[in-house]
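J.: below are the sequence and a predicted model; questions follow.
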Amino acid sequence: MKKTSLFDRLRQWDAASFDLTDALRPDQTPDERPRRPAWNPEAPVEPVARRQEKRFFRLYPILAALLLAALAFCLLIAVLGLPAFGAEDAPAHNEVMQRYLVRGLTETGAVNAVAGVILDYRAFDTLGESHVLFTAVVAVMILLLGTAGEPPAPHGERLSAKEDRDPVLTCTARVLVPIILLFGIYVILNGHLGPGGGFSGGAILGGGLILFVIGRGFAPLERYLSLRVFRTVTLLGLCFYSLAKCYSFYCGANHLETIFTTGTPGDVLSAGLILPLNIAVGIVVTCTMYGFYSMFRRGRI
Amino acid sequence: MTGTDLFLLLLLGLLLVCGLSAVLTKNLLVCLIIFMAYSVVMSVVWALLQAPDLAITEAAVGVGISGILLFVTLKKLQTLRKKAEDEKDQSV
């Protein structure tokens, strides 16, 4: 047998057992198992080392069960350490909650107490969440970007309703998209004054862009939102967030005055860093949602 | 028990129904639609529990984004096409 690298073998195996549910069906002999990825039946796939595959599938359920049992054990041990439900001395019932409610408005300047907590008091948590989102984007890009083998369009499938000349979708998109985009911008800018914020507003904007793309095709948006723009915006948004919070942590820890004042609570331009952070998060989330859709749909941005 | 409480109870019951049927249904497309219905009901529940921030996020992400992404995934896995082909076979 020709000597192949581990990576090649993994790739062959992956292509051969793309659909695990089919591969694990006991009524099929190994010869009947799918040998090719489900989305590309024409792909040339080399024969797999049958014995290795069999050994793996015999071990797989046992290993999975062991891993799950260990995980469940750890989680149960952790649950044992929790305080009783509603106990008065539980860590959640401390002076923090009181302080957020009583002094939140004066300290953060945000009328919306939720925004004050997630983007000021607990901004570090939100920073972590932004990184989770960024990691998800990177993972999707690694998996889907440049899968040039682009799943074949079955039955002449089109990427947008415009090519299909579907009048309902096109007209609906034309009417709804501006309203959705406007509402998304409102939700982002209003985050510190009322319900809303960067994440939800960004999700609305992203949904609007996706509807636009479904209705009118990718071409009109490609001029503004290329892969380059996508990368730059995502990275800049995250960097801005991190640097801004570094600055405010540094000032806060050393009891210095920051250049971001809380302003008059209730004004649009108030609440210090919360508004810029909301905008940054909103833009990043918008790009992320649109990028997810684009990568899922056609393997590129 | 006020009207709001009754409404909340109704919504919670609907949540149970949606959750169970999403798990039990065989058809992936139907499962996805039920899942989106679950998100809609959940966002109304958040609004009733006075968490409008969560309600907006749930409506935008749970119904819009994750729904669309799962639809695209189903399409990519050609689950939808198989269904359409079956129907075509039956009609022929």
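T.: On my side now, so go ahead. Numbering: from 1, shown residues only, chains lettered A, B, ... in the order given.
J.: tell me which residues in the longest helix seen in chain A are buried?
T.: The residue-count maximum for a helix in chain A (DSSP state H) belongs to helix A:50-80. Across helix A:50-80, burial judged by 16 or more other C-beta atoms under 10 Å in any protein chain shown covers A:Glu53. Using the backbone N, CA and C atoms, a C-beta is placed for each residue, glycine as well.
J.: average pLDDT for it?
T.: Mean pLDDT, computed over helix A:50-80, is 86.
J.: where does chain B have low pLDDT?
T.: B:1, B:78-92 (pLDDT under 70).
J.: flag every residue of it that's near chain A.
T.: Contact residues (C-beta under 8 Å from any C-beta of the partner chain) of chain B with chain A: B:52-53, B:55-57, B:60-61, B:64-65, B:68-69, B:72-73, B:76-78, B:81.
J.: again, 7 Å this time
T.: B:52-53, B:56-57, B:60-61, B:64-65, B:68-69, B:72-73, B:76-78, B:81 (C-beta under 7 Å from any C-beta of the partner chain).
J.: B:Ser39 contacts B:Val61, doesn't it?
T.: No. B:Ser39 is not in contact with B:Val61 according to C-beta atoms under 7 Å; the separation is 8.2 Å.
J.: so which bits of the helix or strand just after the longest helix of chain A are buried?
T.: Next helix or strand after helix A:50-80 toward the C-terminus (DSSP states H and E): helix A:95-108. By 16+ other C-beta under 10 Å, the buried positions in helix A:95-108 come out as A:Tyr100, A:Gly104, A:Leu105, A:Thr108.
J.: does chain B sit close to helix A:95-108?
T.: No. Helix A:95-108 stays clear of chain B (C-beta under 7 Å from any C-beta), getting no nearer than 13.7 Å.
J.: check contacts around A:Thr264.
T.: The neighbours of A:Thr264, taking C-beta atoms under 7 Å, 6 or more residues apart in numbering or on different chains as the test, are A:Ser270.
J.: what does the residue lying closest to A:Val177 once chain neighbours are set aside show for phi and psi?
T.: Nearest non-adjacent residue to A:Val177, counting by C-beta to C-beta, 6 or more residues apart in numbering or on different chains: A:Phe212, 4.7 Å away. With angles defined as degrees, to the nearest 10, A:Phe212 sits at phi -60, psi -50.
J.: which strands and helices sit next to the longest helix of chain A?
T.: Of the remaining helices and strands, none touches helix A:50-80 by 3 or more C-beta pairs under 7 Å, 6 or more residues apart in numbering or on different chains; DSSP states H and E.
J.: if we can go back for a sec, report the buried members of the residues of chain B next to chain A.
T.: B:52-53, B:56-57, B:60-61, B:64-65, B:68-69, B:72, B:76-78.
J.: those helices in the chain, which residues are they?
T.: In the absence of a named chain, chain A is used. Under DSSP H, chain A gives helices at A:6-16, A:20-23, A:50-80, A:95-108, A:113-116, A:123-144, A:161-164, A:167-189, A:198-216, A:219-222, A:227-253, A:274-298.
J.: if you could check chain B rather than the one you did, that'd help
T.: Using DSSP H, helices in chain B cover B:3-24, B:28-48, B:52-57, B:66-76, B:79-91.
J.: of these, which stretch is the most buried?
T.: Most buried of these, by mean neighbour count (mean count of other C-beta atoms under 10 Å in any protein chain shown): helix B:52-57, with a mean of 20.
J.: and the residue of the stretch 1-150 of chain A nearest chain B?
T.: For the stretch 1-150 of chain A, the residue closest to chain B is A:Val114, as judged by C-beta to the nearest C-beta, at 4.8 Å.
J.: chain B contacts on chain A?
T.: Counting by C-beta under 7 Å from any C-beta, chain A sits next to chain B at A:38-39, A:114, A:151, A:154, A:187, A:195-197, A:199-200, A:203-204, A:206-207, A:210, A:289, A:292-293, A:296-297.
J.: quick check: which ranges of the stretch 201-301 of chain A have low pLDDT?
T.: A:258-263, A:265-266, A:268, A:301.
J.: could you redo the last one with a cut-off of 50?
T.: Within the stretch 201-301 of chain A, the set of residues satisfying pLDDT under 50 is empty.
J.: try the stretch 51-200 of chain A
T.: Residue ranges of the stretch 51-200 of chain A with pLDDT under 50: A:154-156.
J.: how close does A:Gly86 sit to A:Arg174?
T.: Taking C-beta to C-beta, to the nearest Å as the measure, A:Gly86 falls 53 Å from A:Arg174.
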